[in-house]
Each structure stands twice: as C-alpha cells, then as structure tokens.
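**Q** My questions are about this predicted structure, shown below with the sequence.
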Amino acid sequence: MKLNFFTLSVALRHLRYGVGQSLLTIGVIAISVLLIIYLRTVIGGTQIRIVDSVTGSIPHIVLEPAERTPIGAWQLPDPTGRTLYIGETVNLPRAQDKIDDWRQWLPALERDPEVTVVSPVVSGNVFMFRGARRESVRMSGVIAERHDRIVNIEEKLVEGRFLQMTTGEVALGATLAAEFGIRMRDKLRLLGPEGRSLSVTVAGIYETGSGALDDGQIFLTLRDGQSLLELGSAVSSVGLRVRDLYQAEAIAESMTTRLPFKIRSWIADNPNVFRTLDAQDQTINMVLISTIIAAGFGIASILVMSVTGKYREIGILKAMGATPGEIQTIFVVEGFLLAVLGCMVGIPVGIGLLEALSTVRVPGPGGRMTELFVIQIDPWLLLGASAVAVTVGVIAAFFPARRAGSVDPMQVIRGS
Amino acid sequence: MADTPVIELRGVGKTYYNGDIATPVLFDMSFEVGRGEFVAIVGGSGSGKTTLLNLMGLLDRPSMGEILVDGRNAGTLDEPGRASVRRDRLGFIFQFHYLLPEFTVIENALMPCRMKGRRFQEEQEPRMRALLEKVGLGEKLDSRPAQLSGGQQQRVAVVRSLANDPALVLADEPTGNLDTRSGRVVFDLMRSLSRESGTTFVMVTHDDNFALEADRLIRIRDGRIE
Ligand SMILES: Nc1ncnc2c1ncn2[C@@H]1O[C@H](COP(=O)(O)OP(=O)(O)OP(=O)(O)O)[C@@H](O)[C@H]1O
Ligand SMILES: [Mg+2]
C-alpha cells in the first residue's frame, strides 16, 4: 500500500468522475449494510420478545431444597422398636420440602454482583373458599417489594395495591376474581394442606396477560404463606434475577458448587426456547452471509469493469513511473472509500427504518398499546456491519487492483 | 557529468520469446545520445523502432548488452529502481496521447509531477501553465481532454512529457496519428522546446521531412543500424 498524494487524489478523481459506477457500488454496499442492521435488529427484537415472554415473570434462577439422597432401610430411624420385615410399610413423619436456613445465605446472594433480585418464596397449593364455592389455587407467600421485581405485579394492577400489601391481605388475578365474582375488600377463606385456615381480604387485582398468573394464582405476604403451610420461618424456594439472563445457566452452575441447594436456571428449564433462538440466529446469519458474498461479487465486478476500462491510463501512468504498488493502492483505496460511503448511506437509512418501525403500536394484553417490535439498536452491530462492509469492499477491490498493478505499459503502448 | 551521454547503448539485442518461438528483433545496437540532441529514428514497419524505444525508456529489458542512463547501468536496477528513473529522468510521448479523461488539461500536463508529491506539483504549475499557453492552449487549461482536437491533445501530451524536467524525452511516432498540419505543429513544438530547454529528444517517425530536420538520424533496417 502506497498512500500518498498521487494515489489518493487519483482514486478520489476516479470516484468523482465515474459517478454512475460509484453510486451503483455505494448502493450495493448501503443495501447490504442496511440489511445487516435491519434484519439483525428486528430478529434481535423478536428474540428479546420471546425471551421476555418466557422470563418476564419468572426468576432466572431458583434455589430449592437439596434433593435428599435415598437411604437404605437399615439407616431408617427405628419407628417401632422391633424388627422390620420385607413388604411391611412404615409411616415415617413426612419431611417437608423447605429451606430453613435461608436467612443465613441471603447476604451472600445479595452481595453477588451478577444477582439483581433475591426473593424468598413460600409456595404451595391451597383451597380458596368463597361462599359455597371451593377452588384449588397456587399460593405464593412473598416479600412484595422483592418479588415484584420478578413478576411486575404492581405495574399490572387493575385495582388496589401489591407492594404495600400487609398481613391478612391477598392479591389475585383478574380472571380468577371475575370467575368468583370477587371484588376489592372482599373476604376469602384459605385452607392449607396441613389443615390450617386463614381469612384474608382482597387488596389487589391484577391482569398480566399470562393465564397462569391471572387465573390460578394468589399472592400473600411471606408470613401468611408460612403460617398457612405451617413452615415456621422456612421458605420453599429462593428466586433470583441476574443481570445478564443469558448467563443464568453459567451462574447457576457456579452457585451449585458453593451453595447447598438444588439450583435451576430458566435456560435449563426451557431448552426449546434456546434451540429456537439458535436456529433463528443461524438462518438469519446464512441470509446475511449470502447477501454479503453477493454484494462482494457485485462490487468486484463493478471494479473489474472500471479497471478494464482504464488499461490505457494505467499503462501510461506506469510508463511515467508509477509503481505497481501505487496503481494497486489507487483501486484498493477506491474500494475502501466506496465501502465507507456505502456505510454512511446504509447506516442512517437503516436506523431511520428501524425508528419508523419502532413507532408501530398494536393493542397488547389488557388493551394497552404496545410496540409491535422491540427495537434496540446496538452500536456494536453498527460498528460490526461497517467493519464487514469495509472489509468486503477492500477485498473485492483487491483482485482488480492487483490486475491493474500488473498492467504492462508496453502492451498498452503497442495498442493491443 | 556534462559530457556523459544522456543515454548509451552497448551491444544491445532483443529477442522476443513466445513459448518455444524466439523472434529476434534487434541486433548489436550501439550508439549514444548527447545532451540536448534531437535524434530521429526511422525505419520500415516492423524494423524494431518501438522495441528500441521501449528498451531506451526502461519499459523493457534487453536480451543482450547494456543501456546506461546518465552513465548508470539500467540493467542493475530492479523494477522500482527503473520506475524511479522513468519518473525522474524520462519523458514519454506516444502515438496516442493517453491523457487521463478524469483530469483537466493542466492536471494532465502535471501528472508526472503529481507522482512526485503535492509540493512538487504546485512548484511546477506556473511553468506548465506557461508552456501550455505557449503551445496555444491557454484557453483550454481547465477543459477535459475529450473537449480537445487530436492535435491539441497531442500538444498536451508533449507538454506533459516535459513536466518532470526530464533528461530525455522518448517519442514514438508522436505525429503518426495526426493530419499533416497538426503533425507539423506538434513537431515544430517539440523541436523548439528541445532548443529552448536543452532537453534531449529521441523521436521515431515515418515522416522523412521531420527526420531530415533532426540533429541526427538513425536508420534501422531489420533490427540493425544502417
Ligand atoms: N511481444 C512480441 N513478441 C514477439 N514479437 C514481437 C513482439 N513485439 C514486437 N514483435 C515483433 O518485433 C518486430 C518489431 O516490432 P516493433 O513494434 O518494434 O516495430 P516498429 O519498427 O515499431 O514497427 P511500426 O513502424 O509498424 O511501429 C515486429 O516484427 C514485431 O512483430
Ligand atoms: Mg512502432
């Protein structure tokens, strides 16, 4: 490469003089850049949507009681004080699935820089009574301020409150409420599996758009949940949200070695989601790679034409003392500049299109207007697309440039 | 330095090889051209004139013998070295003008200077403007080559060959593509520029009138000097 006044000024003049060819090349590059940015962002947006709909109201990581390892009959505590025979059934007190020492682990979890939310939860199925009707529902006893950062109930309240919920209060979904004809401040009776009953007042009704939450789910305070299930001060699980939800599995794995819990991530729980996203990524990348290759050949053929049309000039320049390196540089610089100009057109147009797309709104759950596409323009994507375009431009220019560099002035002069 | 020949050929021969076929074209040529001389080379078609000029212009390498430019043996130079001799010491005029269509008349005339950097180009610009005015192209400085007649284009090419203030200008049938009148204008121009600037010219021509007006005449027949 010989970047100097001569090579740069001749390259620039070629571009300026051959406006038609230049614009054509710039157009090809701009369209490729635009496609890269546009498709990646839109697909990225739908992927965010998909991941969001899966993880939107669940913990990224759940800590549960460690699984008890099976023990041999000879290890059983002696329930009867006599010999046991094969085939005999023994009734042992049922050990509950619970975490007793969760408070001890809380500070360590909260200190973890990857972890953004730590929410201890008591959960189990309970009966809900309303007049003569009885229904089995899933009950979660939570610390509302913590748990709201996982499920986002407060934002989706139709009536009442969630964050300020106190002892003796319940929040439930709009579908369930409608089914039972429940309204705010109504009283309900709950019955736990151990026979414990609790009377609660409806303090909040929400609508999330998710059937599981809106229909069969109620929320109590952690304390009420504990007493309904007779768990004492224990909890059933601890839910976590992490900074980067794609790292959830890795974080869960590293926690497994440090914490005495059974630890699951949302990724392990939803392998299909990941496979789908991966397949989508690969498809779109194939499309983009073919686009880029096609663009590369397009640019190369335009530049080959341009070089072929300039054989005589190249010959005379070489006779006058231009080196092969200088001639080569002229055409590589042209490829580079065309690519840069292509990016300067393609990127703003791409951003403009995406911005226009991001204003498209459709009615979402609960009648609220939401964006049809999640558009998050990643500056790295812009940079990456530009890098790809410039690389392709330079490579496409390189071969015709090398041919230009090796033009034999004698042949030109002899007029062949 | 003053008495070193601008260019000297010692026993130069040239044979073209195309696969197995060898075509000997030039045989044992020895001559020198002194500073400020105006030399005409004549000979029949296919006698080897263009071949000889290409060798003298370091565009091609002889199969035998040596060529010395300013006393320096060009055979010892690598390609970049030869390119730099062409850039600094030689000027070229061809049968076709080969002006660059993207550049104006003055820019084309300055092209050899452009290769030597912006500063040099700017320094040479007044001189080249004056030269172009002198050859009657004062009005056309900022025109494109395509807007000029053939004779005018060739006059630009003649001026361009002087841009790097060369020791030697090599001209291969510079009037070959022009009508008699324009050819005359271009030839007279070369002749007078040669006299005024003291630049050495070696010109291949088919026109006997021009040949007879040269300081010296070299006749070639079948690759040998007659
Ligand atoms: N690359 C080559 N390979 C083989 N033979 C060649 C090559 N170039 C030229 N020749 C031959 O060399 C001989 C001399 O060619 P050259 O072009 O030097 O002649 P010339 O005197 O300039 O002729 P003209 O007056 O027609 O321009 C011719 O017979 C030509 O066919
Ligand atoms: Mg010839």
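**A** Right, received. Where do you want to start? Numbering: from 1, shown residues only, chains lettered A, B, ... in the order given. Ligands and ions are numbered 1, 2, ... in the order given.
**Q** low-confidence ranges in the chain?
**A** This is for chain A. A:68-82, A:84, A:88-96, A:364-368, A:415-416 (pLDDT under 70).
**Q** Chain B was what I was after
**A** If you take pLDDT under 70 as the line, chain B has these spans: B:1-2.
**Q** Would you state the secondary structure element containing the most centrally placed residue in it?
**A** Most central in chain B under Cα atoms, centre = their mean is residue B:170, positioned 1.8 Å from the mean C-alpha point. According to DSSP states H and E, residue B:170 maps onto strand B:168-172.
**Q** Show me what counts as buried in that strand.
**A** Judged by neighbour count (16 or more other Cβ atoms under 10 Å in any protein chain shown), strand B:168-172 contains these buried residues: B:168, B:169, B:170, B:171, B:172. For the C-beta atoms, the positions are set from N, CA and C on the backbone; glycine is no exception.
**Q** any idea how far it is from the chain center?
**A** 2 Å (Cα atoms, centre = their mean, to the nearest Å).
**Q** Over to stretch A:382-395?
**A** 26 Å.
**Q** hmm, who's touching that stretch?
**A** The contact list for stretch A:382-395 (Cβ atoms under 8 Å, 6 or more residues apart in numbering or on different chains) reads A:29, A:32-33, A:36-37, A:40, A:292, A:295-296, A:299, A:332, A:335-336, A:338-340, A:342-343, A:346-347, A:351.
**Q** Can you tell me which helices and strands whatever helix or strand comes next after the strand holding residue B:170 packs against?
**A** Downstream of strand B:168-172, the first helix or strand assigned by DSSP H and E is helix B:180-197. Contacts defined by 3 or more Cβ pairs under 8 Å, 6 or more residues apart in numbering or on different chains; DSSP states H and E place helix B:180-197 against strand B:38-43, helix B:150-160, strand B:168-172, strand B:200-204, helix B:208-213.
**Q** who touches helix B:180-197?
**A** By Cβ under 8 Å, 6+ apart, helix B:180-197 touches B:36, B:38, B:93, B:131, B:135, B:149-151, B:154-155, B:158, B:162, B:165, B:169, B:171, B:174-175, B:178, B:199-201, B:203, B:207, B:210, B:213.
**Q** Make a ChimeraX selection of whichever of the residues you listed turn out to be buried.
**A** Buried residues within those, by 16+ other Cβ under 10 Å, are selected in ChimeraX with:
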select /B:38,93,131,135,151,154,155,158,162,169,171,174,175,178,199,200,201,203,207,210
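**Q** which element is the closest residue to chain A within chain B on?
**A** Residue nearest to chain A within chain B (Cβ to the nearest Cβ): residue B:87, separated by 2.7 Å. Secondary-structure element containing residue B:87, defined by DSSP H and E: helix B:79-89.
**Q** Can you mark which positions in that helix are buried?
**A** Counting neighbours by 16+ other Cβ under 10 Å, helix B:79-89 gives B:82, B:83, B:84, B:85, B:86, B:87, B:88, B:89 as buried.
**Q** count of neighbours near residue A:237?
**A** Neighbours of residue A:237 under the rule other Cβ atoms under 10 Å in any protein chain shown: 22.
**Q** The one 4 residues further on now?
**A** Applying the criterion other Cβ under 10 Å, we find 21 residues in the vicinity of residue A:241.
**Q** Equivalent analysis for residue A:353, please.
**A** Residue A:353 has 16 nearby residues by other Cβ under 10 Å.
**Q** Over to residue A:99?
**A** Close neighbours of residue A:99, defined as other Cβ under 10 Å, add up to 22.
**Q** now it: how far from residue A:220?
**A** As judged by Cβ to Cβ, to the nearest Å, residue A:99 and residue A:220 stand 18 Å apart.
**Q** same thing with residue B:88?
**A** Counting by Cβ to Cβ, the gap from residue B:88 to residue A:220 is 93 Å.
**Q** Let me see the ranges of the strands in chain A.
**A** Using DSSP state E, the strands of chain A run over A:61-65, A:115-130, A:133-142, A:157-160, A:169-173, A:187-191, A:197-206, A:217-221, A:237-242, A:261-265, A:361-363, A:369-371.
**Q** residues in contact with the first one?
**A** Going back to what we said before, that points to strand A:61-65. A:97-99, A:105, A:236-242, A:248, A:251-252, A:255, A:259, A:261-266.
**Q** Just the buried ones from the residues you listed?
**A** Listed as buried from the contacts of strand A:61-65 are A:97-99, A:105, A:236-242, A:248, A:251-252, A:255, A:259, A:261, A:263-266; burial here means 16+ other Cβ under 10 Å.
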